[in-house]
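Trainee: When you get a sec, could you give me coordinates for this:
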Amino acid sequence: MIEEIVWKANEAYIGQNDDQAAKYYLEALELGADLEGTEHVQLGDALDTIGQHTEAIKHYRIAIKKDPNQVHCYNYLAVDLLNQNDKKGAEEAFRKVIEL
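Mentor: Below you'll find the predicted structure:
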């Protein structure tokens, strides 16, 4: 059941249906899914698109813990942090983009 929900989330994300993607990813997490790092990035991206930036930051950070070499994730994180006036956090994330 969880795998089916994650599959639906991935399909919704690929189809740029961010509301549905976020809904399915969050539902899978509630059911105990252990999402991969890339799926947390996709959830963060979907949440960003629908205006849930604080939640997006949370999932970008989870993605980075699971796979610290995701350059694009650091970039997304940096932009969100900058938009929330966390200049220090944004600078650290941008530096990581350059480093990788």
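Trainee: helices or strands up against the helix or strand that Leu82 is a member of?
Mentor: For Leu82, the enclosing helix or strand under DSSP states H and E is helix 71-83. Using 3 or more Cβ pairs under 8 Å, 6 or more residues apart in numbering; DSSP states H and E as the contact test, the elements touching helix 71-83 are helix 37-49, helix 53-66, helix 87-99. Using the backbone N, CA and C atoms, a C-beta is placed for each residue, glycine as well.
Trainee: how many neighbours does Val79 have?
Mentor: 17 (other Cβ atoms under 10 Å).
Trainee: Name the nearest residue to it, ignoring sequence neighbours.
Mentor: Closest residue to Val79 in three dimensions, ignoring its sequence neighbours and counting by Cβ to Cβ, 6 or more residues apart in numbering: Ala90, at 7.5 Å.
Trainee: Show me how far stretch 76-92 is from its chain's centre.
Mentor: Distance, stretch centre to chain centre, for stretch 76-92: 15 Å (Cα atoms, centre = their mean, to the nearest Å).
Trainee: what's the answer for stretch 61-81, then?
Mentor: Stretch 61-81 sits 8 Å away from the centroid of its parent chain (Cα atoms, centre = their mean).
Trainee: what mean pLDDT does that stretch have?
Mentor: Computed over stretch 61-81, the mean pLDDT rounds to 95.
Trainee: Next: stretch 32-51.
Mentor: Computed over stretch 32-51, the average pLDDT equals 95.
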